[in-house]
Structure formats: structure tokens, C-alpha cells
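1. my questions are about this predicted structure, shown below with the sequence.
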Amino acid sequence: MKAQKVHLIAIGGSVMHNLALALHQDGMQVSGSDDEINNPAKDRLAAAGLLPPALGWDPDRITPDMDAIILGMHAREDNPELLRALSLNLPVYSFPEYIYQHCRHKQRIVIAGSHGKTTITSILLHILKEAGRDFDYLVGAQLEGFDTMVRLSSRAPMIILEGDEYQTSPLDKRPKFAHYHPHILALSGIAWDHVNIYPTEEDYTAQFANLLQEFPKAGMCVYNKDDKQVKELVHKYLQKEYHFLYPYTIVHNPIGQIGVKGKYTSQKIYKTREGLTEIKLDGMKLTTNLIGKHNVSNIAAAWQICELLAITKEEFTQHLATFRGAAMRMEKVHESARQVVFRDFAHAPSKVQASVDAVAEAYKAYDLTAVLELHTFSSLNLNFISQYHGSLKKAKTRIVMVNRHALELKKMPLLKEEDIKRAFGDKSLIFVETAEQLTRVLQQHAPAGSAQALLLMSSGSLGGLEVASLFQ
């Protein structure tokens, strides 16, 4: 059978270039284009022979014999290659639509929520791989033991999907998870984000309500009942709670009413010491290098899903101990006698606070310095940043970075130091705009004679900061 011919518009994106590699590995003829491709995408595409010969868009690359065009988020509605594909009546898919077409006959497990998606998905992938299961996947970070962030195969019976709530493509304003139609859904939490797409909190929450309203009658939903908004939506749209394990509950749609059982607190089931967390779940003792209450919650979600997938408690316990985390998700990048350094993707207010609280709890004897780069549209929006109020308060030294170049690229007005301090409710907060300023501030505030925990949070690059230069 002739291999399918697929072209990816905006192939240089994080997920898009991984999708290109996955399709190439599955034997398809893959081509692509983009107006900017940076590493690691550039080197990885080049190694596979998939790097476009030149940057930019060229409608002549689109030929009538192509089986599919996959449109990335970076492409605009007037992209000349897209217009050419439409004029030829070629099938045009966003990457969520294309993935669903691939996996529509598979069991689909979708991890959704404002925070914890990547970590829960990553734990599942690690546990299932170590347990010898065959599965496809889509995850938003690079994982140890996995060559790509996407796997699509013809033989795997199920797929694990990180369900992003950001819009699908320039042509489709629905969230990506709207396309996946899960059989098993995990819902971790809801906290307003992506203000450029969802201008009000109600707009944002409505996307999760729609997801639950369209949930299949035979579906299973694992949800975090510690999250008020999640709990309210699940109680409104789904029925029949049948199993409980802090803080996640599984509900089966559609028989009966939800009965909420006794309230627990995660402090009763875990303790952290020397950078390790010990957890007691369902009579089992688990040990992990993941820290923080939010990660205990993430592990509980993965535990419940694995139970539905017939992974034994003993298998989960054994394999969790070897899970090292996902890249840029509370990733420990350095540790010495006097310093521990974490690099974290946290950018939304709830994620930032969870990460700061986790390091403060795990390293009580250390002076904590928290650095946050405001990099996303939401975090750089003057009307949104008040959501960060108090999120850094558990750090001894609190630094917020606003890169002027990022504001210029997004065509947003400048943010002033007084705007940031007012929004965070913190007059002692230190404001910086460049990697050089940040380096100087960190050197000036390095604790003398005591150990330091340094938490670097950004979905960007911290202005091009050489993180290794900060290690003591």
C-alpha cells in the first residue's frame, strides 16, 4: 500500500515537529514548512531528513496528491499554503483533528484541567511503558525514555492524550480537548487562563462544562473533588460516584446521584523529607522524587486511571519510584551541599503558587528564591496579573521578570514596576527586565552561610538566561 503523503504547516512547533517525527517513523511521506524553526526542533527535523529546505511559506509545496494537510497554531488564516490547500480541496486538519482521525477506533484516555496535565500524563506514560503495555500518546513535554512527545501507530489499542484547553487552530476556536471524545477523562482543576482566547473566567470555565456535557454515557471521569469548580461542574453534568481515593473521585455516567464522602486532606497521606515524598494510598506506601501537595494530587489521579486500566497497585508503586518527572516540570537541574535549583514551566497563577509552596515545604531549612518570568499573553495582560496576588509569598526573595522583547513581539503595552508590585501585592518584590539584571540580582541576594533553594519559573527562556551560570 502506498504511504500517505502529509504536509505540516508550521512544522517547527513543539508538538508539530514531534507529530512530524511520529508520522515519519510510522512510514508516511512527511514534508513541512515554517517561517521560524529553532532548536531542538531544527536539529531533530534535520536528523530525520524533514527540515524544510528554506524558511517561509511556498504554495508550490502543496500538491494535489497530498493526503492530508495539518495546520499548526502558528499559521494564520491567510497562510498562502493553507489557501492553496483549500483551493485544491485537500483535507485540512488541525493537529487535534488529525490525531482523533488516527485514534477514533482506540480507547482514548484524556487528561484535562488548568494544571497538572503534563505531569499526570507523564506518570501514566511511564507506568504503562514499564508495565509493558502498548499505547499511543500525546504529551506536552519531553520525557526520559521516550524519543518523541507523540506516538501514533496502527497496532496500539489505546492512546493517552494531554487535553489542552487552548484553541485548536486559527480556523477553529474550540479547545483542543473538544476533538478527543474520551472514554476515560481526568479533570485536575480549573483556574482561569489564556485571557487572549477566553476574556472572562466564565468563558474559560464554559469550555470544561462543554467537555462534560458531551461526555459519553459509558465514560469514566476521574476528577479532583478538592477543586471547587471541578466538583460543581461534575456534580452538575455527571452522575453516580462509585469509588473514592483522596483527592480524586471516579464517576460513572449516567445512573444515580453523586454521593460525596468524607473530606480528607492530603497532608494526612504524605510527608516530604530530603527532597523525597512518601505517600500512603489505598494501603500502599509510595516513594517519589516529586514534591508538593499538587504532585500528590497528580499521582492520585494517575493511580485511579491506572486502576481502570488494570495496572496493579504493586506495579504502580514499583514503577512510580523510577519516574524522574517531565522536562521543565519542577525539574531539579542542580543540587549541591549549599544549593538546589529547580526549572519549572509554571506560568499561570495557580501553577506558580503550587510550585512555590512545594519547594518551600520540601526545603524548609533553605532560603527560597523564586523567579517568575511573565511570558504568556495572560501573564502580560494588565487586567489579568492581579490573579498572581500573593502567589510568591512563601519565598524569601521574590523576583518577577518582564522581557520587553516578549511584549513587543506580542504587541502589548509595557508593564511598569509599580504595576507588577501592585498586582502581586508585594512592595518588596524585585522587578527585572533582562537576563543580565536577573543574574546580578541573584548574585546580590545569594544567602551567605545558608543553603539556597532557587526556583526558576517560565514558559519562555528567562530572557536567554544561562541557568548553569547560577550554580554554586
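-> In hand now; what should we look at?
2. now do the helices in the stretch 301-450 of the chain.
-> 313-320, 349-362, 404-409, 417-424, 435-444 (DSSP state H, counting those that start in this stretch).
3. can you flag the weakest of the ones you listed by average pLDDT?
-> Sorting the helices of the stretch 301-450 of the chain by mean pLDDT places helix 404-409 lowest, at a mean of 78.
4. quick check: buried residues in that helix?
-> If you call a residue buried by 16 or more other Cβ atoms under 10 Å, then helix 404-409 has these buried ones: Ala406, Leu407. Glycine gets a C-beta too; all of them are placed from N, C-alpha and C.
5. now do that helix: distance to the chain's middle.
-> 23 Å (Cα atoms, centre = their mean, to the nearest Å).
6. with stretch 443-450 instead?
-> Centre-to-centre, stretch 443-450 and its host chain are 33 Å apart (Cα atoms, centre = their mean).
7. please apply the same query to stretch 203-218.
-> The answer for stretch 203-218 is 19 Å, by Cα atoms, centre = their mean.
8. send over it as CSV, restricted to the C-alpha atoms.
-> Provided in CSV are the C-alpha atoms of stretch 203-218 (Å, rounded to 0.1, in the frame of the first residue of the first chain):
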residue,chain,number,x,y,z
ASP,A,203,-15.8,31.9,29.0
TYR,A,204,-12.9,29.8,30.3
THR,A,205,-15.0,27.6,32.6
ALA,A,206,-17.6,27.1,29.9
GLN,A,207,-15.0,25.0,27.9
PHE,A,208,-14.9,22.4,30.6
ALA,A,209,-18.6,22.5,31.0
ASN,A,210,-19.0,21.7,27.3
LEU,A,211,-16.5,18.9,27.7
LEU,A,212,-18.6,17.3,30.5
GLN,A,213,-21.9,17.9,28.7
GLU,A,214,-20.6,15.9,25.7
PHE,A,215,-19.1,13.1,27.8
PRO,A,216,-20.2,9.7,26.6
LYS,A,217,-22.8,7.7,28.6
ALA,A,218,-20.4,4.8,29.3
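9. what lies in contact with it?
-> When contacts are defined by Cβ atoms under 8 Å, 6 or more residues apart in numbering, stretch 203-218 is touched by residues 112, 165, 174-175, 177-178, 181-183, 185, 187, 190, 192-194, 198, 221, 229-230, 233-234, 236-238, 253-254.
10. 7 Å instead?
-> Residues external to stretch 203-218 that are found in contact with it (Cβ atoms under 7 Å, 6 or more residues apart in numbering): 112, 165, 175, 177-178, 183, 185, 190, 192-194, 198, 221, 229, 233-234, 237-238, 253-254.
11. hmm, which of these are the buried ones?
-> 112, 165, 175, 177-178, 183, 185, 190, 192-194, 198, 221, 229, 233-234, 237-238, 253.
12. so which of those sit within helices?
-> Among the buried ones among the contacts of stretch 203-218, DSSP state H puts Gln229, Leu233, Val234, Tyr237 in helices.
13. could you find the lowest-pLDDT member of these?
-> Tyr237 (84).
14. ok, it - contacts?
-> Leu212, Gln213.
15. from Met284, how far out is the residue sitting nearest the centre point of the chain?
-> Nearest to the mean C-alpha position of the chain, by Cα atoms, centre = their mean, lies Thr118 at 4.1 Å. According to Cβ to Cβ, to the nearest Å, Thr118 stands 24 Å off from Met284.
16. pLDDT below threshold where in the stretch 251-400 of the chain?
-> 251-268, 274 (pLDDT under 70).
17. what about the strands in it?
-> 270-273, 276-281, 284-288, 331-335, 339-344, 367-374, 397-402 (DSSP state E, counting those that start in this stretch).
18. which residue is the nearest non-sequential neighbour of Asp367?
-> Leaving aside its chain neighbours, Asp367 sits nearest to Pro447 (4.1 Å; criterion: Cβ to Cβ, 6 or more residues apart in numbering).
19. burial count for the one you found?
-> For Pro447, the neighbour count with other Cβ atoms under 10 Å is 16.
20. isn't it right next to Leu368, touching?
-> No. Applying Cβ atoms under 7 Å as the test, Pro447 and Leu368 come out as separate, 9.7 Å apart.
21. now the residue lying closest to His319 once chain neighbours are set aside: phi and psi?
-> Nearest non-adjacent residue to His319, counting by Cβ to Cβ, 6+ apart: Glu130, 4.0 Å away. Dihedral pair for Glu130: phi -70, psi -30, per degrees, to the nearest 10.
22. what's the separation between Glu130 and Cys103?
-> 22 Å.
23. and those two? Which one has more around it.
-> Neighbours per residue, other Cβ under 10 Å: of Glu130 and Cys103, the larger number sits with Cys103, 21 against 17.
24. could you find the closest non-adjacent residue to that one?
-> Cys103 sits nearest to Ile159 (Cβ to Cβ, 6+ apart), 4.4 Å away.
25. contacting residues around Ile62?
-> Residues in contact with Ile62 (Cβ under 7 Å, 6+ apart) are His7, Glu81, Arg84, Ala85, Leu88.
26. now those residues: which count as buried?
-> Among the contacts of Ile62, those buried by neighbour count (16+ other Cβ under 10 Å) are His7, Glu81, Arg84, Ala85.
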